[in-house]
Each structure stands twice: as C-alpha cells, then as structure tokens.
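> The following comprises the amino acid sequence and a computationally predicted model.
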Amino acid sequence: MSEIDHASVNQYWENVKSSILGPYMMDDFGFPESAGDFRFQAESLIVRRLLRGVEHNGTVLDLGSGVGYWAEEFARSFSQVVAVEGSSALSPALEKRCAPYPNVQTIHGNVLSFESDDHYSLVFLGGLLMYLNENDVTTLLQKLIPRLGPDGVVLCRESTVRGETITRTGGYPVVYRSVSDYKRIFKQCGLTLRHVERNEPYVLMQMGCELIKKWKQAVPKPLQALQLVGRLTYWSLRLGAPWIKRLPKVLGIPFPSLENHFFVLGTGSIVNE
C-alpha cells in the first residue's frame, strides 16, 4: 500500500483558499459561496442530532479546525472549545471567526503533536484522518482515548470509497478508505463504533463536483463557462435533490465515486451501528 508524506499534505494546506469552499474541496467548480453554506448548514443539523446525548457542559477538542465553522458551531452549544489548526493559510480565518466567542481557544499548531492533559466531552475530526497514513491514524486515536471524559465521544467526518483504499499523492495527497476499513481501524484502536451514517449533503454536492469535472474534461477551457455551469449545476441539485439522489441506485451505477460518512465513536458498548 502506497503512503503519503506529511510534508506534501502540509504544503497543500498552506496554499488552500481560506473560504468555506476551499476546505470543502469545492473551489474551481463555479459554485457560488452559498453552496458551501448550504452544505455546512445541512451537515450541522446531522451533527446536532448525533450529539444529543453528549454532555454539552464539557469541552470540545476540534482537531484540524480549518476556517472555524465547526468551532463556531460548537461554541454556541458547548461550554468550551479548543480549536487546533496547523495551516498558516487557514489559522488567521479561524482566529477571526472565533474571536467573538470567549469560550473558544484557538491554537496554531500541528494536530499530530498536540498534547493536553484535559478531558473532552467531544473530540471532532472533521476530515482529518483522510490525510493520515494508517499508522498515524492509529497513533492519534489511541492518544485521544485517555482524553475522553465520562461518556465522551469522538465524531469523525471522513470521505470514503465503496471499494479498496485509494491513496493519491502529488499535488493533493489523500487516503480514501472504505467504511469497513475505518471500522477495522477503530476496533483495533480500542474504540467502539456507536453509529455510522452517510453524509447526504456531502454526497449531493460531490455529485455536482464530479459532473463538472467531466464537463471540464470534455469542453475546451475557453468554452467551459464555469461560473454559469457551476451555478446551474448547484441549483439543479438543490431543487432536484429528492429524486437526483435516488438515480444512481435506480440505474445501478456507483455515483458519485466518493462518499462521506459520520462515525460516532466511544469506549462503551455499541448503541447503534
């Protein structure tokens, strides 16, 4: 199995745009900014539901906080939030977004080397594990387990594939694992999978990304009209979501090629898988 190196990952994130579209990998598709806002708000509803049983008087550790949308979301419902981001391109946006919240501590530092003696009600990994090799994933998760408070949970939101692991190197280094691979890794780390759920807002927007990628491959760049095509694609997906999401299953095709899942992890017994 090929591996990615931390230097390549860090280099990518030092050059990413500090907008809601950049960390969501939705830049350069012609989508309006509202596409990122829609996806985040829709995901937020899912996360709030998944965290109903979590102690909100405790502290959240948000590793790989990006531009701070999730840190801000947690600041509104949890007592304290510690937000750690390693990218110099994203950290200023994180600090600016969280500045109005006195219960948020922002830290510019490497998430893998972050150390703390505190205990957390929630550890949030919002698309972090996909940039780590398996040994690093295991090391990180095992380091986090003693930091979970009573009934504390780890919530992961990770892009996934249906088949075997795909490792991409070069300009965008990333590891796409299957749900079964993540289940295996979590079990090996000593974590219990309490719940797994497909991230439907991600899947809907990913359909748009993959369709526009095909458009860009088929149409010469001067004729692509991405601003127009991106907006038309986005609003077509929004308005036609109920039946568009059913089409791949009806047609029997694996589309989109990338999915995304929420994993709720703990150290107790299984509640729902």
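Cool, got the structure.
> From now on I want contacts and neighbour counts done on CA atoms only, so please keep to that.
Will do.
> Can you show me the helices along the stretch 151-273 of the chain?
Here the stretch 151-273 of the chain has its helices, by DSSP state H, counting those that start in this stretch, at 179-189, 200-218, 226-244, 247-251.
> Show me the contact partners of the shortest one.
Right, helix 247-251. For helix 247-251, contacts defined as C-alpha atoms under 8 Å, 6 or more residues apart in numbering pick out 254, 255.
> if you average pLDDT over it, what comes out?
Average pLDDT, helix 247-251: 78.
> Could the C-alpha coordinates of it be exported in PDB?
The C-alpha coordinates for helix 247-251 follow below in PDB (Å, rounded to 0.1, in the frame of the first residue of the first chain):
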ATOM      1  CA  LEU A 247     -30.900   8.000  -9.600                       C
ATOM      2  CA  PRO A 248     -27.600   6.100  -9.000                       C
ATOM      3  CA  LYS A 249     -29.400   3.300  -7.100                       C
ATOM      4  CA  VAL A 250     -32.200   3.100  -9.700                       C
ATOM      5  CA  LEU A 251     -29.700   3.000 -12.600                       C
END
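> Sort out which residues of it are buried, please.
For helix 247-251, the neighbour count (16 or more other C-alpha atoms under 10 Å) marks no residue as buried.
> next one: the third one
Within helix 226-244, the residues that qualify as buried by neighbour count (16+ other C-alpha under 10 Å) are 226, 230, 231, 233, 234, 237, 238.
> sorry, back to before: could you tell me the least trusted of the helices of the stretch 151-273 of the chain?
Among those, helix 247-251 scores lowest, with a mean of 78.
> Now find how far off-centre that one is within its chain.
25 Å (C-alpha atoms, centre = their mean, to the nearest Å).
> got it, and stretch 147-157?
That offset, for stretch 147-157, works out to 16 Å (C-alpha atoms, centre = their mean).
> Now distance to residue 146 too, for the helices of the stretch 151-273 of the chain, in JSON lines please.
Shown next, in JSON lines, are the helices of the stretch 151-273 of the chain (distance: least, C-alpha to C-alpha, whole Å):
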{"stretch": "helix 179-189", "distance to residue 146": "12"}
{"stretch": "helix 200-218", "distance to residue 146": "31"}
{"stretch": "helix 226-244", "distance to residue 146": "41"}
{"stretch": "helix 247-251", "distance to residue 146": "41"}
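> Residue 113: which of these is closest?
Nearest to residue 113 among the helices of the stretch 151-273 of the chain is helix 179-189; the distance by C-alpha to C-alpha comes to 18.2 Å.
> so where's the protein shaky on pLDDT?
1-2, 19-26, 268-273 (pLDDT under 70).
> neighbours of residue 52, just the number please.
9 (other C-alpha atoms under 10 Å).
> No further queries at this time; thank you.
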